[in-house]
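1. Curious how this folds, go ahead:
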Amino acid sequence: FTKNIMRRDIFYPFVSAHVDAEGQKIRATYGADYRQFAASYEISDDMLKSFRAFVEKKGVKIDEDALKKDRQYLTTRLKAYIARSIWSEEGWFSAIAGVDTQLQKAMTLFPEAEKIAGLSEGKKTKKLN
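-> Predicted coordinates:
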């Protein structure tokens with residue numbers, strides 16, 4: 001269900017219309033602070049209902065179980081698209097990080113990468129010419 005919505009690029013046009021209507025209010029509330037937006041902005045139940053109606057209007061059959069299962073991912077993705085529309089890529093990554101499993105996995109690997117590179121022991125590495 002969610003992959004189908006993503007393949008059909010339904011998020012962007014929905015969010016674009018939302019930002020046209022609510023963008024000034026969001027900008028007035030958060031200014032340049034996309035991190036605060038990512039931490040505190042919530043996708044309302046009304047907005048999720050509107051998104052659902054938009055998805056159905058685009059011809060995608062709603063799978064209730066998938067909608068419930070993917071609710072957090074869907075709402076986070078909507079928030080990330082809003083953030084991208086207002087603050088560009090910095091906003092997107094700040095908002096999507098909580099559900100980006102690849103990013104979360106990569107973050108757990110930094111200590112191991114530092115150890116392998118000898119950075120955790122304070123060793124200096126040679127610069128390549």
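2. For the closest residue to Val19 other than its chain neighbours, pull up the helix or strand it's in.
-> Residue nearest to Val19 in three dimensions, not counting chain neighbours: Ser85, with 4.5 Å by CB to CB, 6 or more residues apart in numbering. Glycine gets a C-beta too; all of them are placed from N, C-alpha and C. Remark: Ser85 resides in helix 71-96, with elements defined by DSSP states H and E.
3. Restricting the selection to alpha carbons, write the helix or strand just after that helix to PDB.
-> Beyond helix 71-96 on the C-terminal side, the first helix or strand identified by DSSP H and E is helix 101-117. As requested, the backbone C-alpha atoms of helix 101-117 are provided in PDB (Å, rounded to 0.1, in the frame of the first residue of the first chain):
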ATOM      1  CA  THR A 101      16.000   2.500   8.900                       C
ATOM      2  CA  GLN A 102      19.000   2.700   6.600                       C
ATOM      3  CA  LEU A 103      20.100   5.900   8.300                       C
ATOM      4  CA  GLN A 104      19.500   4.500  11.800                       C
ATOM      5  CA  LYS A 105      21.600   1.400  10.900                       C
ATOM      6  CA  ALA A 106      24.400   3.600   9.500                       C
ATOM      7  CA  MET A 107      24.500   5.600  12.700                       C
ATOM      8  CA  THR A 108      25.000   2.400  14.700                       C
ATOM      9  CA  LEU A 109      28.100   1.600  12.500                       C
ATOM     10  CA  PHE A 110      30.100   4.800  13.200                       C
ATOM     11  CA  PRO A 111      31.800   3.500  16.300                       C
ATOM     12  CA  GLU A 112      32.900   0.400  14.400                       C
ATOM     13  CA  ALA A 113      34.100   2.500  11.500                       C
ATOM     14  CA  GLU A 114      36.100   4.700  13.900                       C
ATOM     15  CA  LYS A 115      37.600   1.700  15.500                       C
ATOM     16  CA  ILE A 116      38.600   0.200  12.200                       C
ATOM     17  CA  ALA A 117      40.100   3.500  11.100                       C
END
